[in-house]
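**Student:** Okay, sequence plus prediction incoming.
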Amino acid sequence: MNAPFLRLADLELGGRRVFMRADFNVPLTETGEVADDSRIRATLPGIRDCLVRGASLAIASHLGRPTEGHLGPRDSLAPVARCLAELLGRPVPLVKNWRDRDFAPPFGQVVMLENCRGNPGEKADDPALADRLARHIDIYVNDAFGTAHRKECTLSALALAAPLACAGPLLAAELDALGRALAAPQRPLAAIVGGSKVSTKLAVLERLAEQVDLLIVGGGIANTFIAARGHDVGASLFEPELLCSARRVSERLAQRGAQLWLPTDVVCADRFGADAETRVCAIDSVPDGWMILDVGPDSRAALTPALADCGTIVWNGPLGVFELAPFAAGTRALAAAIAASPAFSIAGGGDTLAAIASFAVADDLDMISTGGGAFLEFLEGRTLPAIVALQDANRDCACATE
């Protein structure tokens, strides 16, 4: 991500037609209203900036996985338009069938474009569709980091077809924070990787093993690492086919002089459930038939001193089944330790965001990424197609702000 890209703040917006790609793929209630508006709120600064500066603003997003050309009632962005209108305190009309019409509103006004995945050619990143849409655009803005790992028309081809393309404030802030955390971190650099399976995060673990000074592993992923050390994990979730991979990550950290943090004690249960019988065990004393569902008290106590002197912390994934009260203490202690550390901290991923909300530490973290898959792919070191498109669109735009 070293190549430059334009930012919304760099451009003159007054009297220009702005197309903003946002990530409003939000959960809906049974009655069809927005259940969590955090992604919408995160995009408000860019939206308000466009309107204050007199732009004509059309906002596009996907919602769910509809069949192209066949949007059903649950695929409509109408609830998002209503939510955004309430947050902005102004009307946000929903524009349907916008692929074949001039969708730009009057200057100083905003519209929501119906689910972009209803347009044939969106998923295929069709350049012909991009050219058709670009006729109604002066400036393309990507403010959707959560979908930056997708190569779709309103994320990639349209950025290349538009006269100007730039990053919105949310996207730019995420890239700045990730660059600060991984490209030029203040050390020691610590990373926390939790979750259920090594297989879903093996590429992340392998890349971090080449970068970090401290790797904290939790959740079901830790069970595989514990088993790789020869300990019986009982009925715990782990992946025996990835024991060699876990050993390889451990060995690489040791070769670099970096530290691997694993729990020394764990909370075990006789079954999965909030009313299960539990006990605290050393990692080499898990009873047969019992499962590890959280880290133990000694391990929790070790988290704060482990992170206290870090310069940078990257967090992705819980340490246990924090959704169930008997197994929430480990992730709660981790959240508190990160919040208490003076390190620059960035967190991302769906379960991580849920834990942050559950333990009320959002104000104590420096950056909370809105990306799930994009956050993981960035950690893996993969290129993000939407970011590449922004960079390619502006390689020869030295005079773009003039």
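**Tutor:** Perfect, I can see it now. Treat the numbers as computed from the prediction; the structure is a model and nothing was measured.

**Student:** list the helices and strands the helix or strand of the chain with the lowest mean pLDDT packs on?
**Tutor:** Counting by mean pLDDT, DSSP states H and E, the weakest-scoring helix or strand in the chain turns out to be helix 373-380, with a mean of 88. With contacts defined as 3 or more CB pairs under 8 Å, 6 or more residues apart in numbering; DSSP states H and E, the packing partners of helix 373-380 are helix 202-208, strand 312-316. All C-beta spots, glycine's among them, are computed from the backbone N, C-alpha and C.

**Student:** one more time with 6 Å
**Tutor:** Helices and strands touching helix 373-380, as assessed by 3 or more CB pairs under 6 Å, 6 or more residues apart in numbering; DSSP states H and E, comprise helix 202-208.

**Student:** for the helix it packs on, which positions count as buried?
**Tutor:** Buried residues in helix 202-208, counting neighbours by 16 or more other CB atoms under 10 Å, are found at L202, V204, L205, R207, L208.

**Student:** now stretch 325-345
**Tutor:** When burial is assessed from 16+ other CB under 10 Å, stretch 325-345 yields the following buried residues: 326-339, 341, 343-345.

**Student:** do stretch 164-181 as well
**Tutor:** Using 16+ other CB under 10 Å as the burial criterion, the residues of stretch 164-181 that qualify are 164-175, 177-178, 180-181.

**Student:** Relative to the whole chain's centre, how far out is it?
**Tutor:** Stretch 164-181 has its C-alpha centroid displaced from the chain centroid by 13 Å (CA atoms, centre = their mean, to the nearest Å).

**Student:** quick check: mean pLDDT across it?
**Tutor:** Regarding stretch 164-181, the rounded mean pLDDT is 94.

**Student:** show me where pLDDT drops low in this structure?
**Tutor:** In the prediction, the chain carries residues with pLDDT under 70 at positions 1-3, 396-402.

**Student:** Enumerate the beta-bridge partners assigned to V280.
**Tutor:** For V280, the beta-bridge partners under DSSP bridges are V267.

**Student:** residues touching it, list them.
**Tutor:** For V280, the set of contacting residues under the criterion of CB atoms under 6 Å, 6 or more residues apart in numbering consists of D265, V267, G296.

**Student:** isn't the last one right next to V266, touching?
**Tutor:** Yes - G296 is within contact range of V266, at 5.1 Å (criterion: CB atoms under 6 Å).

**Student:** Of the two, which one has the most company?
**Tutor:** With neighbours defined as other CB atoms under 10 Å, G296 and V266 compare such that V266 has more, 32 against 22.

**Student:** how close does that one sit to V280?
**Tutor:** Applying CB to CB, to the nearest Å, the value for V266 to V280 is 7 Å.

**Student:** Which segments of the chain make up each domain?
**Tutor:** Per automatic domain parsing, the structural domains of the chain span 8-171+383-393, 187-342.

**Student:** Can you lay out those as JSON lines showing distance to E377?
**Tutor:** Rendered in JSON lines, the data for these read as follows (distance: least, CB to CB, whole Å):
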{"stretch": "domain 8-171+383-393", "distance to E377": "5"}
{"stretch": "domain 187-342", "distance to E377": "9"}
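
**Student:** of the ones you listed, which approaches L365 most closely?
**Tutor:** domain 187-342 (6.8 Å; CB to CB).

**Student:** Contacts made by the host helix or strand of I216 with the rest, please.
**Tutor:** Using DSSP states H and E, I216 sits in strand 214-217. Counting contacts by CB under 6 Å, 6+ apart, the residues outside strand 214-217 that touch it are A190, A191, I192, V193, L208, F225, Q259, L260, W261, L262.

**Student:** Could you turn the buried ones of these into a PyMOL selection?
**Tutor:** Buried residues among these (16+ other CB under 10 Å), as a PyMOL selection:
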select buried, resi 190+191+192+193+208+225+260+261+262
